[in-house]
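**Q** no FASTA, just this:
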């Protein structure tokens, strides 16, 4: 296990707010994500879910604090991994999975890197997501599900304290979705990782999430999937005309 004691590590999101001019995108969002748990973030379009992830990453200006405490209660700066909805690239490019990793994982020009060292490192990362056989595949030849597994592998180097997944299986077929979620569940248990997932797939959320947060600019309710899905807040948000 990555952490000393399961569920004792915590990432606290305290009073996160985002405004663009006079428009409030997020209003005092406050919750905690624990190690060894998958927390799903749901809500209608425009609720601020992706904006919240970008605020956690520090990519958008926001008010509020992010605090991370390890199993010993020490306040540290967390390592955060991020998987976007998709990767934009030229599908006709000869760029391979290995070349993508080399470009992302080292500041040195790829031709100056030890090919044996970097290949071993990439293979290790791909092994975590059961995609080692794709190391020499062209990016344009990957299926949607395979590409998302590659992006997941990239997000695991270095191994994060908090993994953010922003609708990572959008456009992926059912088989690819199942494989992806099973990999995420395995990471959660084996690495004792804290995972925050944005998704609209309520069936997969009910199956895999430990906790669900209903967001609509602010936190409306938090609980187990079934509790949130049957809540008055859920009915109100998704029956508005």
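**A** Alright, I've got the coordinates. Everything quoted here is computed from the prediction, not taken from an experiment.
**Q** tell me the contacts of residue 199?
**A** 40, 41, 42, 165, 167, 168, 169, 205 (CB atoms under 8 Å, 6 or more residues apart in numbering). For glycine as for every other residue, the C-beta is placed from the backbone atoms N, C-alpha and C.
**Q** Looking at these, which has the smallest pLDDT value?
**A** Least confident by pLDDT among the contacts of residue 199: that is residue 169, with 87.
**Q** how close does the closest residue to that one other than its chain neighbours get to residue 12?
**A** Take residue 169 and drop its neighbours on the chain: the residue closest to it by CB to CB, 6 or more residues apart in numbering is residue 177, 4.6 Å away. In this view, residue 177 and residue 12 are 30 Å apart by CB to CB, to the nearest Å.
**Q** Which helix or strand lies directly C-terminal to the helix or strand encompassing residue 213?
**A** Assigned by DSSP states H and E, residue 213 belongs to strand 211-215. Sequence order places strand 219-223 as the next helix or strand after strand 211-215, per DSSP H and E.
**Q** and the helix or strand following that following strand, average pLDDT?
**A** Remark: after strand 219-223, the chain's next helix or strand is helix 225-229, criterion DSSP H and E. Throughout helix 225-229, pLDDT has a mean value of 97.
**Q** what's whichever helix or strand comes after helix 225-229 in contact with?
**A** Helices and strands here follow DSSP H and E; after helix 225-229, the next one along the chain is helix 232-239. Contact with helix 232-239 is made by 43, 44, 214, 216, 220, 221, 228, as judged by CB under 8 Å, 6+ apart.
**Q** quick one: the residue nearest to residue 222 when sequence neighbours are not counted and residue 201, what's the gap?
**A** Among residues not flanking residue 222 along the chain, residue 213 sits closest, at 5.1 Å (CB to CB, 6+ apart). Look at residue 213 and residue 201: by CB to CB, they are 15 Å apart.
**Q** where along this structure do the strands fall?
**A** 10-20, 23-34, 38-42, 63-69, 75-76, 80-83, 162-166, 194-198, 211-215, 219-223 (DSSP state E).
**Q** Look up the residues forming beta bridges with residue 164.
**A** residue 82, residue 196 (DSSP bridges).
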